[in-house]
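K.L.:
missing the sequence, but the structure's below:
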């Protein structure tokens with residue numbers, strides 16, 4: 001508390017007993033802490049005598065107060081490194097303190113530099129240390145603007161469309177992230193930062209906007225991405241390490257930040273996720289190991305089109321470290337997700353994704369009544385068009401809801417029965433076959449279903465001979481009897497799986513016929529990297545050839 005007046009002042013935290021009132025003599029300063037840290041962060045100030053009404057300050061805000069008690073007296077809250085300072089002075093006085101406040105950065109100042117970068121499209125290829133291409137990030141109509149004046153820095157990033165591709169050859173979700181609808185912009189960041197503060201990051205305004213997105217991710221992609229991030233972060237820390245302290249950790253965790261307004265706008269995403277088996281054996285890590293849950297739980301987890309809606313976060317005058325700010329934002333979104341657990345539980349594939357069923361059916365019923373009503377307002381002709389449009393929507397959405405739920409239930413049953421056969425090779429081949437061959441229409445689905453049905457019968461019959469032989473090779477005489485057991489089990493289960501696969505593939509094909517959301521293709525085929533591991537400029541011809549070979553059945 002700096003008292004630059006010619007009068008003594010008395011101070012006290014609002015809401016505490018009067019015996020906590022302290023005196024700050026004229027021309028002196030006083031170190032002050034809240035008597036009740038969990039109480040109201042408002043400070044009451046009396047000038048000359050405590051008999052007058054107090055002047056109330058919010059020390060959480062960095063701002064200037066003019067003439068609240070006396071027209072000749074002003075006060076301001078300023079930042080001096082990690083400390084907030086309340087400074088009282090006569091309005092005609094010019095502050096000579098080293099601390100800076102908002103009045104120091106009023107106005108835009110003189111423009112020193114201005115940069116503007118705009119491209120129609122830009123793509124970034126992420127390659128891990130294997131080396132294999134992990135993902136491709138493509139942004140369209142990418143616009144970046146950065147300006148520096150004598151007092152402020154302006155930053156603005158706009159992206160009209162963004163797409164992230166999973167570049168694994170066999171994956172259930174080739175496209176990980178893309179906008180759910182065409183918008184003028186799908187991503188927008190803007191900020192105004194003071195460059196007069198050297199000990200803190202002072203932002204007058206910071207805003208993030210992201211339109212509704214489609215997020216489809218499998219566990220293998222997630223594990224590989226986290227592994228790549230950790231390796232990259234470790235590399236940067238080693239590269240910038242100074243005096244035993246990681247550069248990234250030091251700058252990003254402990255530095256103080258202040259925002260007049262931090263505005264993170266609402267986020268909506270349609271999320272799909274599928275677990276993968278045996279990732280801990282392949283990569284030495286898995287999502288179940290990271291979360292500390294049973295591996296069988298996640299590898300059998302499949303959810304589709306979970307509509308997650310995260311409310312906005314608006315913070316006024318937060319003054320915290322970067323680490324504390326990240327923790328606060330993280331907690332906000334975790335709380336939002338916890339409130340929507342019912343949506344995740346209602347989107348499990350083995351239940352037929354009842355939430356998606358209700359949403360699709362509800363959309364069809366709404367359109368059936370809304371479209372004719374909207375047309376009737378205009379003219380009888382528009383009523384007829386609306387009736388036809390509403391009926392078409394009702395039929396399409398109802399058919400999609402039924403076939404989508406049926407294909408998910410039958411697919412989950414077939415997947416579970418296949419695992420009961422205890423034939424790891426059969427389970428792996430079936431999973432790869434389903435990833436490689438996806439029906440595009442009902443005829444395609446029926447053909448694939450007949451193929452899977454035939455393979456189920458073939459594998460069941462040949463397993464009687466193959467499984468005992470495999471058992472002898474792997475475990476000797478004991479393995480022979482185990483193989484006989486697996487063979488007999490396979491005779492019953494594998495044809496049954498084939499029958500269910502026939503139904504599942506057919507309903508998947510019919511679902512694609514009435515699907516209202518077209519399949520999003522990759523930007524380009526995955527990059528081809530030879531066995532020598534040498535990275536070369538992208539060659540589309542080699543990439544297409546390698547991709548076609550990977551899609552061929554062994």
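P.N.:
Structure received. If you're wondering where the values come from, they're calculated on a predicted model, not measured in any experiment.
K.L.:
give the contact list for the closest residue to residue 340 other than its chain neighbours.
P.N.:
Once flanking residues are discounted, residue 340 sits nearest to residue 308: 5.9 Å by CB to CB, 6 or more residues apart in numbering. From N, CA and C alone the C-beta is placed, and that goes for glycine too. Neighbour list for residue 308: 267, 268, 269, 270, 271, 337, 340, 343 [criterion: CB atoms under 8 Å, 6 or more residues apart in numbering].
K.L.:
which SSE is the last one in?
P.N.:
Counting by DSSP states H and E, the secondary-structure element that holds residue 343 is helix 341-345.
K.L.:
that helix packs against which elements?
P.N.:
If contacts are counted by 3 or more CB pairs under 8 Å, 6 or more residues apart in numbering; DSSP states H and E, helix 341-345 sits against strand 302-310.
K.L.:
could you pull out the buried residues of whichever helix or strand comes after the strand it packs on?
P.N.:
Sequence-wise, the next helix or strand downstream of strand 302-310 (DSSP H and E) is strand 313-316. Residues 313, 315 are the ones in strand 313-316 that count as buried (16 or more other CB atoms under 10 Å).
K.L.:
and strand 313-316, what does it pack onto?
P.N.:
strand 261-264, helix 322-338.
K.L.:
parallel or antiparallel, which strands does it pair with?
P.N.:
In the sheet, strand 313-316 lines up against strand 261-264 (antiparallel) (DSSP bridges).
K.L.:
other residues contacting the strand it pairs with?
P.N.:
203-208, 312-316, 318, 329.
K.L.:
check the offset of that strand from the chain's centre.
P.N.:
Chain-centre distance of strand 261-264: 18 Å, with CA atoms, centre = their mean, to the nearest Å.
K.L.:
next SSE downstream of it?
P.N.:
Per DSSP H and E, the first helix or strand lying C-terminal to strand 261-264 is strand 267-274.
K.L.:
helix or strand for residue 500, which one?
P.N.:
Assigned by DSSP H and E, residue 500 falls in helix 477-514.
K.L.:
buried residues of that helix, list them for me.
P.N.:
479-480, 482-483, 486-487, 489-491, 493-514.
K.L.:
now the element after it, going C-ward?
P.N.:
helix 540-551.
K.L.:
run through who's touching that next one.
P.N.:
By CB under 8 Å, 6+ apart, helix 540-551 touches 169, 170, 436, 524, 525, 526, 527, 528.
K.L.:
roughly how far apart are the third one and residue 549?
P.N.:
So the one you mean is residue 436. 12 Å (CB to CB, to the nearest Å).
K.L.:
go on, residue 388?
P.N.:
47 Å.
K.L.:
equivalent analysis for residue 325, please.
P.N.:
48 Å.
K.L.:
which of the two has more neighbours?
P.N.:
residue 325 (18 against 10; other CB atoms under 10 Å).
K.L.:
quick check, that one in contact with residue 255.
P.N.:
No - contact criterion CB atoms under 8 Å: residue 325 and residue 255 do not qualify, at 10.2 Å.
K.L.:
the host helix or strand of residue 178: what's the following helix or strand?
P.N.:
For residue 178, the element it lies in under DSSP H and E is strand 175-179. The first helix or strand that comes after strand 175-179 along the chain, using DSSP H and E, is strand 187-194.
K.L.:
so what touches that following strand?
P.N.:
With CB under 8 Å, 6+ apart, strand 187-194 has contacts from 100, 105, 151-159, 162, 201-211.
K.L.:
kindly report the same for stretch 172-183.
P.N.:
135, 160-166, 186, 211-218, 221, 270, 272, 274, 435, 520-522.
K.L.:
from those residues, which land in strands?
P.N.:
Mapping the contacts of stretch 172-183 onto strands (DSSP state E) picks out 135, 160-166, 213-218, 270, 272, 274.
K.L.:
quick one: end-to-end length of stretch 43-51, please.
P.N.:
16 Å (CA to CA, to the nearest Å).
K.L.:
low pLDDT regions in the chain?
P.N.:
Within the chain, the ranges that satisfy pLDDT under 70 run 66-72, 79-82, 91-109, 241-253, 284-297, 516, 553-554.
K.L.:
again, 50 this time
P.N.:
69, 94-106, 243-250 (pLDDT under 50).
K.L.:
other SSEs contacting the longest helix along it?
P.N.:
The helix spanning the most residues in the chain, taking DSSP state H as the definition, is helix 380-420. Using 3+ CB pairs under 8 Å, 6+ apart, the elements in contact with helix 380-420 are strand 302-310, helix 354-378, helix 424-436, helix 477-514.
K.L.:
just the helices and strands packed on strand 313-316: most buried one?
P.N.:
strand 261-264 (a mean of 18; mean count of other CB atoms under 10 Å).
K.L.:
how many neighbouring residues does the residue nearest to residue 374 when sequence neighbours are not counted have?
P.N.:
The shortest distance from residue 374 to any residue other than its chain neighbours is 5.8 Å, reached at residue 386 (CB to CB, 6+ apart). Other residues near residue 386 come to 22 when the count uses other CB under 10 Å.
K.L.:
residue 137 touches residue 123, doesn't it?
P.N.:
Yes - look at residue 137 against residue 123 with CB under 8 Å: they come within range, at 6.8 Å.
K.L.:
can I assume residue 154 sits in a strand?
P.N.:
Yes - the assignment for residue 154 is a strand, going by DSSP: H, G, I helix; E, B strand; the rest coil.
K.L.:
you'd agree it is up against residue 145?
P.N.:
Yes - under the criterion of CB under 8 Å, residue 154 makes contact with residue 145 at 7.3 Å.
K.L.:
compare the two and say which is more crowded by neighbours.
P.N.:
residue 154 (18 against 15).
K.L.:
residues touching that one, list them.
P.N.:
Residues in contact with residue 154 (CB under 8 Å, 6+ apart) are 145, 146, 147, 148, 191, 192, 193.
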